[in-house]
Every structure is written in C-alpha cells, then in structure tokens.
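> can't give you the sequence, but here's the structure:
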C-alpha cells in the first residue's frame, strides 16, 4: 500500500518539556492506526502537529508527497486531513442540524460554490446532493437524527462525541484523526461508537488515526499501533505485537514485563 | 437561520411593504417627523452593520469612526468640489469608510472580546482628536453642508425633507436586502459559529479572521453611508460624530432592537429617536436618565430586543 502521510523526525519542545522527540511514522493509505500512551506521552501533540495547530521545532510532514509542515489548520483541512477533539468542539448555541449546515456551508464555499444566487440548488461537491440532504444523511449514519433540532450544548455525552466526529467527516477527509473518540463514554457504548465511526469512514474510504486508552478497543479496531512514551514512539507494530512489547507493557499498559 | 420553506421571504415582503407605505404616505408627514425618520434611517444603517458584528460575538465600540468619516466625506465633497448630490454623498461616504475599514480590519480582525471593543473605540477617538485639531475642517465647530440635491435638481423647500427621506429609505431598503441575502450565504451563516467556537471553524477549513474582516468592512461601509446621510439631513457636521458617546448610541440601539432581523435596526433607531425626542421635550436636563431607564426596562423584560416581540407574534399567528 502507498504511504499517505509521512512524518519525519518531528520534534517539539515546550520550555524544558519535550512533547515530541524525533517522531517518525509513515502511515499507509486506508489503514486504521491506534495511538496509545499515557497522558503527556505525546499523542495529542502528534495530532496537533499533523493538523497544523502546532509547528514543530524540527522535522517535516508530507501528505501524499506534499510538504504540509507549515500550513495553518484550515489549509490542512482543505487538503483532506480532518480531526475530532478529545473535548467535543461544537457550535453550542446552534441545533445539531445547523452545526452540520455550518460545516457544509464551508465545504460549498471552499469549492467556490458560495451560492450567492443558487444556494438552494447547489449540490455539495463529493455528495451530489443538496446541503440539507447531506446533513441528514451524515446525521443518520451517526444515529443523530433524533437530536436534529436539539441544541448542541444540551446533548448527552455520547451524542456530543458523535456530533464532533460527524463534523470532522463533513468535508469527506482522506485522513481522519480522532482524539480519544470514546473518552467520557460508558464502557458499553465504546465499541458501538468505534463500530459506527469506522463503518462511516470505510464507506468514504479514509485513513484513520485514533487515540485510545482502552486496549481492548485498540486491539479490536486498529490494524497498527503507535505507542508513545515521553514524546517518542517506542513501538510501531500490529496491535498484538505492540501490546506485547516490553516497554509498552511497562510504560503504557502498566503491567510488568 | 433561513428555512427553505416555500413562499416569499417574510423579511423581503415586510421591507418592500414598509418602503412603499413610507413613499406613499411620506408627503403628508409633518416636517419634524420626516427629519426624525431620516435620522433613524441613518442610525439604522450603522446598526445594521453592528448587527453583523454582534452576531459574530463582536461589539464594536467605535462605529462612530466610520459614521464620522462618512459625514466628513460628504461634507468635503461640498466644501472642496461643490458636489451636493445626496446619492453621490452616500456613495463616497460609504466608499471612504469601507476603504478605511479594509485597512484597519487587518489589525482588528485579530482581536476578540474586550480587546476588539476597546481598540475600535481608540481608533474612533483618534479621528475625533485629529478633527478637533484640524482648522481646515472647522475644528470643534465643524462646518455646514450644502443643501441636498438629487440628480442635479434642488427640490423646493417644502419637498427637501421628503426627497431626502425617500432617498434614505431607498438606500436603506437596498442595504437591508443585501445584508439579508448575505446572512443566508455560507459566509454570512458563519457568524454564530465564530461566536460559538472559532477553533472548530478553522478546523472545518474556513478562516474566522477573514470572515470577521469582511463583516467589519461591510459594517464600516454601512456606517459611512449612514454618516453621509445624517450629514446631509442635519446640514452640519462636527467632530462629536466620532466621539465615543456616538458609538454608544449605536450599541444602545442595537441592544434595543435585537439582532434577530435586518429590519430590527431601523425599528430600533426609530424608537430610540422617539424616546430621545420625547425625553428631551419633557425634561431637557434629565433626558439621559429617561433613556437609561428605558434601556434598563428593556434588558430586564426583552433581553433579545424589540424584535423578539415580532417573533413571538409571528409564532402565535
């Protein structure tokens, strides 16, 4: 398989703290990669660097052969790398449906279809449907249709998480980065959420990187695991091998090697 | 947000109806009422721009900057070029203000909250300071403006106010329709999203800063047009138009009106004008107190402005 995202020697210091230390990883197209590690190990820093929120002190990231290291988040998003957040980032005063419509509006605008005259008729690029239909289709896929008119602020925790991921999916990303998609969700719901997300992603054909603390979820859904510790990647292997790695056992999983 | 239900847009119908009624009944209005209405339209234009910013969560405490620039541009046209056409005045006033807003926008679009408010206030006070010091523009006294003309024609004395009011209303109609249209576009709809969560806006591929910049320029242009209109209606301009209390008036009206609809700023400005005139008439020394009391009552009972009354009515009917 071909490499879609290639990180080389990413290093980021915050004062005396090294949040990323020579992080290198080549991510293959259409793969599902789990990022594991204790808090502060560098998982979110990695996501923040890839999505342009942080600029690395050293190193580079190539997306399909193109250097994206210094691009701002919105340009990286436009290229097809989207993310969800550990703490859902929603438009709290708007309804679930209007949250989706904001996203679709941005897609239309970025495609040059601001629709000053033909807004209602404009078909959303990549979907071939009008905006309202696209919003409903994505909401249905994530089981959020029942909350359609509910304010995002007052959604139950699981639904907030799903809406956050749904918003990341609107632009049909080629790479989707999920920062703890199942945190704050009950143990029973975790598998359901991951199942739903991966099915939606598979239908679109995207590469997925997800941060996860639950090793059961990781071994069930990830094809490959990147284990972070102290800003470094200490293991890069299929789940079974990665979780059996002595350092991973010691520093991440918490059992003695 | 706009619903895509069938049938004509209620806001557009209401705007066209209001304009038609005003055009037909205008000649029978007393002169003082025409004047109050013209000033209300001028202020309404400024507040229409403020509405765009407020929807994005930004309070500009300096719209008087553009209001005053528009007024002085209109005044300069007459003083230095002998031009007194009301439409040319409004066009130039709007253009000068928009150009200024475009330049200042590069700075202001980076700031949010109290920093945006105070920076905009500071900029308007700089203009005030400059005007006070400039002898050529009449210093603190300002200067008089040529009587308005319309396409080269000077209306008779009894028709001037009506002609100015009708021109003002026509410009306001076009401005309100355009802003209404803009609010329906993806960029226009982005306002509440910027207010709620700018990080998400960026991560969905849009530039919040650019959206704010665009809104700031539109708001500046509208304030410029309003300023030019006020100048020609009053016939005199002075640096007070850039003073921070003028900006405060616009925010007062915006709160009074609510940001629910493009018609609200004009209704709010008219009510503000009426309260102001009435309070001043009843008690010239304490009119600010009456105005303050009116605002207090409003904030307590109608936190979303007068427009929320219309919405309630529409929902029940």
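Arrived safely, thanks for sending. These numbers come from a predicted model, not from an experiment.
> Find the nearest non-adjacent residue to residue A:81, please.
Computed as CB to CB, 6 or more residues apart in numbering or on different chains, the closest residue to residue A:81 that is not its neighbour in sequence is residue A:175, at 4.6 Å. The way it works is simple: take the backbone N, C-alpha and C, and place the C-beta from them, glycine included.
> Residue A:157: neighbour count?
When neighbours are defined as other CB atoms under 10 Å in any protein chain shown, residue A:157 has 13 of them.
> meant to ask about residue A:229
20.
> can you give me phi and psi for it?
For residue A:229, the backbone dihedrals are phi -150, psi 130 (criterion: degrees, to the nearest 10).
> Residue A:11 too?
With angles defined as degrees, to the nearest 10, residue A:11 sits at phi -130, psi 130.
> which bits of the stretch 151-300 of chain B sit near chain A?
With CB under 8 Å from any CB of the partner chain as the criterion, the stretch 151-300 of chain B meets chain A at residues B:181, B:184-187, B:189-190, B:192-193, B:195-197, B:199-207.
> low pLDDT regions in the stretch 51-200 of chain A?
A:113-121 (pLDDT under 70).
> Kindly report the residues of it close to chain B.
A:51, A:72-74, A:77-78, A:82-83, A:89-94, A:98, A:101-103, A:105-110, A:114-116, A:119-120, A:132, A:167-168, A:170-171.
> Burial check on the residue nearest to residue B:205 when sequence neighbours are not counted, number of neighbours?
Using CB to CB, 6+ apart and skipping residues adjacent in sequence, the residue nearest residue B:205 is residue A:77, 3.9 Å away. A count of nearby residues for residue A:77, using other CB under 10 Å, gives 24.
> thought residue A:77 was touching residue A:169?
No: counting by CB atoms under 8 Å, residue A:77 does not reach residue A:169; the two are 12.0 Å apart.
> quick revisit: give me the buried entries from the residues of the stretch 151-300 of chain B next to chain A.
B:181, B:184-187, B:189-190, B:192-193, B:195-197, B:200-207 (16 or more other CB atoms under 10 Å in any protein chain shown).
> Which ones among those map onto strands?
Taking DSSP state E, every one of these sits outside strands.
> Show the buried residues in the residues of the stretch 51-200 of chain A next to chain B.
Buried among those (16+ other CB under 10 Å): A:51, A:73-74, A:77-78, A:82-83, A:89-94, A:98, A:101-103, A:105-110, A:114-115, A:119, A:167-168, A:170-171.
> Give me the subset of the residues you listed lying in strands.
A:82, A:83.
> Please identify which helix or strand holds residue B:161.
helix B:157-184 (DSSP states H and E).
> same question, residue A:228
Going by DSSP H and E, residue A:228 is part of strand A:224-229.
> right, and the helix or strand after that strand?
Remark: after strand A:224-229, the chain's next helix or strand is strand A:232-237, criterion DSSP H and E.
> Any idea how many residues pack against residue B:132?
18.
> The one 3 residues further on too?
Residue neighbour count, defined by other CB under 10 Å, stands at 6 for residue B:135.
> Same check on residue B:177?
17.
> Would you mind confirming that it makes contact with residue B:12?
Yes: using CB under 8 Å, residue B:177 is in contact with residue B:12, at 6.7 Å.
> Which of the residues of the stretch 51-200 of chain A next to chain B fall within helices?
Residues of these located in helices (DSSP state H): A:73-74, A:77-78, A:98, A:101-103, A:105-110, A:132, A:167-168.
> Show me what the helix holding residue B:161 is packed up against.
On a contact count with 3 or more CB pairs under 8 Å, 6 or more residues apart in numbering or on different chains; DSSP states H and E, helix B:157-184 meets helix B:10-25, helix B:31-55, helix B:86-108, helix B:186-196, helix B:208-234.
> ok, 10 Å please
Judged by 3 or more CB pairs under 10 Å, 6 or more residues apart in numbering or on different chains; DSSP states H and E, helix B:157-184 is in contact with helix B:10-25, helix B:31-55, helix B:86-108, helix B:186-196, helix B:208-234, helix B:264-282.
> Pull the contacting residues for the residue nearest to residue A:81.
A:4-5, A:27, A:29, A:50-51, A:63-64, A:76, A:79-83, A:206-209 (CB atoms under 10 Å, 6 or more residues apart in numbering or on different chains).
> and if you look at residue B:171?
So residue B:171 contacts B:41-42, B:45, B:86-87, B:90-91, B:94, B:222, B:225-226, B:228-229 (CB under 10 Å, 6+ apart).
> For the most centrally placed residue in chain A, which non-adjacent residue is closest in space?
Nearest to the mean C-alpha position of chain A, by CA atoms, centre = their mean, lies residue A:177 at 1.9 Å. Sequence neighbours aside, residue A:83 is the residue nearest to residue A:177 in space, at 4.2 Å (criterion: CB to CB, 6+ apart).
> So that neighbour is in contact with residue A:46, correct?
No: with contact defined as CB atoms under 10 Å, residue A:83 does not reach residue A:46; the gap is 11.4 Å.
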